[in-house]
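[1] Below are the sequence and a predicted model for it; my questions follow.
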Amino acid sequence: MRNSLKPIAITILVAITPILLWLASIGFASSSVTESINSFAIILALAGFSLYGWNIFLSTRLKVFENLYGGLLNLYKWHDITGSLAFMLLLIHPTLIIIKYANVSLISAYQFIKPSVDFPKMAGIFVLCIMFIAVFLSLYFKIKHELFIKLHIAMGLVFFLGAYHALLMSGSDVKQSIPLLIYGTIWVALALVVMLYRSIFHKSFRKTYTYSVSRVSSNDIYTKLSLKAERDSIKFSPGQFAFIKPVASELPRQSHPFSIVSSNSDSDLSFGIKKLGDFTSMVSRLRVGDVFEVEGAYGDFGSRFDKYQHQVWVAGGIGITPFVAMAKAITDQKVHLIYSVKSIREACFMDELKSVANTKPNFHIHIVDNSTRSSLLSTHEIMDFYAENGAIWLCGPPKMVKTLSKSLRSRGINEGNIITEEFNLA
Amino acid sequence: MKKAVLAVTCICLIIVGGIAVAGFWDKQQSEKKVKETSSTSSYSQSTGINNNVPATNTNNTDINSYTLAEVSKHSNKSDCWLAINGNVYNVTSYISDHPGGASEILDSCGTDATTAFKTMNKGRGNTHSSSANSLLQDYIIGSVTK
């Protein structure tokens, strides 16, 4: 369980800053219940606006954010949390305003709710609708990647409408507070830069490397995609992943993360790609010479690989990919790999894994074929291979990783000895 | 987090929906009441309580004009007229619905309340929003004359 202290502190700091500026310049109005409710509504809107903008900055994947949040995957997890928080705060804001009116009379509340030609009010409502649609589609439905990206761009764009609403809504405190005006302007300016850079010019805030396809080997379950560098190659360690974006090929120009299966001594950079959606199914259509932009490498899954003599690796489905790279890097560690698959034919990269097992007698592979069993892999079976003071690596679908990690901990295994990576970016 | 988002969204929608419906119903009730008492006042039925058009409506020649002296006769809680921007409004049924408080309106009953309306007198000096403005028109009964 990654350290959440820093991310929590950052989130609170971002949310609280505009509130402090508001308290210092305007202050909480408490002369009546109506005014108090109004002040609470303003506080929530300030926090929500701040977190919303912050989320746009996080989407840049800048190294400083990656470090602050403890790795890229943790950054994405907190991007989700921050976005959900902002949405909830901005939803409760108008609800409180409506309650404020209702506290005086239901009719005045109705008059406020009823559509009227009030541009700042309409802007606020529109922002909420877009957020509502985007948040719900992203959280609760499996949507196509293209739509996911478009929704995110829409959410970035309506941030500016939100700023307009905050500035000009009748009764707004923002235009009467210099500190808030400055804060808001800075947030809007930064967001504008990010949106232009990412969504209009499609540039990455991180360094990208140019590669071209050297080999594509594919079956109906997965593809091994091999790329060779045009100039510089990325630096990576076993267990890491990278974002690859096809820039000249049949595939859509989308950036997707995949685990690196090659080792540093291999001439080409290879990725393991399971056929799960639109993009991944098209990967087999790539041709030698197609150009890619590679960004990375990210992830700290294999960072403690050198520190333990006894290791148990548990892979579920496509979760095998980081282990393929790690297996090639085994020196004298005693490693037991438990590979849980739906059926034997779904096992990926077996030829590469078996070739490592042939040359390294301290590496053992155990296939768990779920089609021949009535129950899923149990912690008991994992513990069979676990040695005191060793470590367990888990990689696969989020549900599998969460369940196994929890029951391993309940069996007394130290949290620090369980290393996980959930493939939740899929 | 997913569950929290769903819960908060549902709660907010229910609250807002409930208030909207209750407020709409209340509005219908109070309009009925005003229509019943309007037979005693001297403006034409065809202007209607929901007429958003200002008193200088060329379609209707029966618009009434009142002097400020006439307006000042309607200066209490159960019979409150306001003169704002050259028009006369019977806001009796609205007093208790005023978000800024009943006293703010009561203080101005029977007078020219243009300045008070423009500056939200006891508030932070803001002007009323356009939705407040269009709401006001619902109560129009005529225009001011010298």
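    Sure, I can see it. Numbers count the residues shown, from 1 in each chain, chains lettered A, B, ... in the order given.
[2] Residue A:325 contacts residue A:266, correct?
    No - with contact defined as C-beta atoms under 8 Å, residue A:325 does not count as touching residue A:266 (9.3 Å). For glycine as for every other residue, the C-beta is placed from the backbone atoms N, C-alpha and C.
[3] Contact partners for residue A:87?
    Counting by C-beta atoms under 8 Å, 6 or more residues apart in numbering or on different chains, residue A:87 makes contact with A:48, A:131, A:132, A:135, B:5.
[4] ok so residue B:88 is a helix residue?
    No - the assignment for residue B:88 by DSSP: H, G, I helix; E, B strand; the rest coil gives strand, which leaves it out of any helix.
[5] And it, what's its pLDDT?
    Model confidence at residue B:88, expressed as pLDDT, equals 88.
[6] Tell me which residues are up against the strand or helix carrying residue A:138.
    Following DSSP states H and E, one finds residue A:138 within helix A:119-140. Residues from elsewhere that reach helix A:119-140 (C-beta under 8 Å, 6+ apart): A:83-84, A:87, A:90-91, A:94, A:115, A:143, A:147-148, A:151-152, A:154-155, A:158-159, A:161-162, A:164-165, A:167-170, A:172, B:2, B:5-6, B:9, B:129, B:131.
[7] List of residues touching stretch A:261-275?
    Residues from elsewhere that reach stretch A:261-275, judged by C-beta under 8 Å, 6+ apart: A:211, A:214-215, A:220-229, A:233-234, A:236-238, A:242, A:244, A:258-260, A:280-281, A:283-284, A:294, A:317-318, A:320-321, A:324-325, A:328-329, A:348-349, A:352.
[8] Type out the PyMOL command that picks the buried ones from these.
    Buried members of the contacts of stretch A:261-275 can be picked out in PyMOL with the line below, counting by 16 or more other C-beta atoms under 10 Å in any protein chain shown:
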select buried, chain A and resi 211+214+221+222+223+224+225+226+227+229+233+234+236+237+238+242+244+258+259+260+280+283+284+294+317+318+320+321+324+325+328+329+348+349+352
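[9] In helices only, show me the contacts of stretch A:261-275.
    Using DSSP state H to define helices, the subset of the contacts of stretch A:261-275 located there is A:280, A:281, A:321, A:324, A:325, A:328, A:352.
[10] Which of those residues sits closest to residue B:108?
    Minimum separation from residue B:108 among these (C-beta to C-beta) is found for residue A:280, which lies at 69.3 Å.
[11] Report the beta-bridge partners for the closest residue to that closest one other than its chain neighbours.
    The shortest distance from residue A:280 to any residue that is not its chain neighbour, by C-beta to C-beta, 6 or more residues apart in numbering or on different chains, is 5.4 Å, and that residue is residue A:273. Taking DSSP bridges, one finds residue A:223 as the beta-bridge partners of residue A:273.
[12] Tell me which residue of chain B lies closest to chain A.
    Ranked by C-beta to the nearest C-beta, the top residue of chain B for proximity to chain A is residue B:23, at 2.6 Å.
[13] residues contacting that residue?
    Neighbouring residues of residue B:23 by C-beta under 8 Å, 6+ apart: A:102, A:105, A:106, A:107, A:108, A:109, A:110, A:111, A:113.
[14] Go again with 10 Å.
    Counting by C-beta atoms under 10 Å, 6 or more residues apart in numbering or on different chains, residue B:23 touches A:98, A:101-102, A:105-114, B:97.
[15] Could you grab the helix/strand/coil label for the residue nearest the centre of chain A?
    Centroid-nearest residue in chain A, with C-alpha atoms, centre = their mean: residue A:76, separated by 2.6 Å. Counting by three-state DSSP, the backbone at residue A:76 sits in helix.
[16] how far away is it from chain B?
    Residue A:76 sits 13 Å away from chain B, taking C-beta to the nearest C-beta, to the nearest Å as the criterion.
[17] now residue A:52
    Here residue A:52 is placed at a distance of 14 Å from chain B (C-beta to the nearest C-beta).
[18] Is there a neighbour count for that residue? I'd like the number.
    27 (other C-beta atoms under 10 Å in any protein chain shown).
[19] give me the element it is part of.
    Assigned by DSSP H and E, residue A:52 belongs to helix A:33-58.
[20] by contact count, what packs against that helix?
    Helix A:33-58 sits against helix A:5-25, helix A:63-68, helix A:72-104, helix A:119-140, helix A:145-168, helix A:178-195, with contacts defined as 3 or more C-beta pairs under 10 Å, 6 or more residues apart in numbering or on different chains; DSSP states H and E.
[21] can these go into JSON lines with extra columns for mean pLDDT and distance to residue A:38?
    Formatted as JSON lines, the entries for the helices and strands packed on helix A:33-58 read as follows, by pLDDT from 0 to 100; distance: least, C-beta to C-beta, whole Å:
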{"stretch": "helix A:5-25", "mean pLDDT": "95", "distance to residue A:38": "12"}
{"stretch": "helix A:63-68", "mean pLDDT": "91", "distance to residue A:38": "34"}
{"stretch": "helix A:72-104", "mean pLDDT": "93", "distance to residue A:38": "5"}
{"stretch": "helix A:119-140", "mean pLDDT": "91", "distance to residue A:38": "15"}
{"stretch": "helix A:145-168", "mean pLDDT": "92", "distance to residue A:38": "14"}
{"stretch": "helix A:178-195", "mean pLDDT": "95", "distance to residue A:38": "16"}
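[22] Now do the contacts for the residue of chain A found nearest chain B.
    Taking C-beta to the nearest C-beta as the measure, the point where chain A comes nearest chain B is residue A:110, at 2.6 Å. Listed by C-beta under 10 Å, 6+ apart, the contact partners of residue A:110 are A:98, A:101-102, B:19-28, B:97.
[23] Produce a PyMOL select command limited to the buried residues of the residues you listed.
    Restricted to the buried members of these, where burial is judged by 16+ other C-beta under 10 Å, the PyMOL selection command reads as follows:
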select buried, (chain A and resi 98+101+102) or (chain B and resi 19+20+23+24+26+27+97)
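[24] so which pair among the contacts of residue A:110 is furthest apart in space?
    The span of the contacts of residue A:110, defined through C-beta to C-beta, is set by A:98 and B:28 at 18.9 Å.
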